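Student: structure for the following, please:
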Amino acid sequence: MGEPKETVFLVDDDPSVLRGLRRLLTAAGFEVVAFESPREFLERHDALAPGCLVLDLAMPGVNGMQLQQELAARGSALPIVFLTGHGDVPTSMQAMKRGAADFLTKPVDEKDLLAAIRSAFEKGRAMRAARAETAEVERRIATLTPREREVLEHVVSGMRNKQVAGELGTVEKTVKVHRARVMEKMGARSLAELVRLAERGGIRGTPAKG
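Tutor: Okay, the predicted model is just below:
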């Protein structure tokens, strides 16, 4: 089975705005789910569902910026397109710095909104792909033995096999064997690729002791 269909999640406290946006986006071919408040969205939204969030900025109770902060705290990768009738440059800049995909003012131009949503979908796909790659690299790292991980940490520091052997108190031949196993388990075809994968998995080089 493939990935679930991407959905536009609408959050706005104005029912007429929600109806209008739902009609527009449905007519454009998007799957749409609407919510009348950030709290309702947080209670009902599936965090793993792909798509984007079209979010009103000014709402009673929890506002759009606060919902953005809450989603970030939960590790959400859902891109956000802000809509507001009360936007100003500082608020827009703050939202964008926090990762918003776009910031549009009401009444929003239909073409601008559709373009922003399509762009947000692309951003979401890229983020999900990056997370999947990181998870796969972490899985590979978890298959390494403690000694193989040590060898990896020294190799990505730029040490040659002989230097690694000296650091670990073993012989160069043994390091070569460990290094070959590390390359195989990590699925790396070159040292440069191994370094990139290690960095993706959070492995930092171990400096020489002396």
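
Student: Glu150 should be in a helix, yeah?
Tutor: Yes - counting by DSSP: H, G, I helix; E, B strand; the rest coil, Glu150 is found in a helix.

Student: for it, which non-adjacent residue is spatially closest?
Tutor: Leu168 (6.3 Å; Cβ to Cβ, 6 or more residues apart in numbering). (Glycine included, C-beta is placed from N, CA and C.)

Student: surely the one you found touches Asn161?
Tutor: No - Leu168 lies out of contact with Asn161 (Cβ atoms under 8 Å); the separation is 10.5 Å.

Student: any shared contact partners between the two?
Tutor: Shared contacts of Leu168 and Asn161 (Cβ atoms under 8 Å, 6 or more residues apart in numbering): Val175.

Student: which of those two has more residues huddled nearby?
Tutor: Remark: of Leu168 and Asn161, Asn161 carries more neighbours, 18 against 15, as counted by other Cβ atoms under 10 Å.

Student: touching, the more buried one and Arg179? I think so.
Tutor: Yes - Asn161 lies in contact with Arg179 (Cβ under 8 Å); the separation is 6.6 Å.

Student: in the lowest-mean-pLDDT helix or strand in the chain, what's buried?
Tutor: Least confident helix or strand of the chain, by mean pLDDT, DSSP states H and E, is helix 89-97 with a mean of 71. For helix 89-97, the neighbour count (16 or more other Cβ atoms under 10 Å) marks Thr91, Ser92, Ala95 as buried.

Student: quick check: mean pLDDT of the following helix or strand past it?
Tutor: The first helix or strand that comes after helix 89-97 along the chain, using DSSP states H and E, is strand 102-105. Strand 102-105 shows an average pLDDT of 86 in the prediction.
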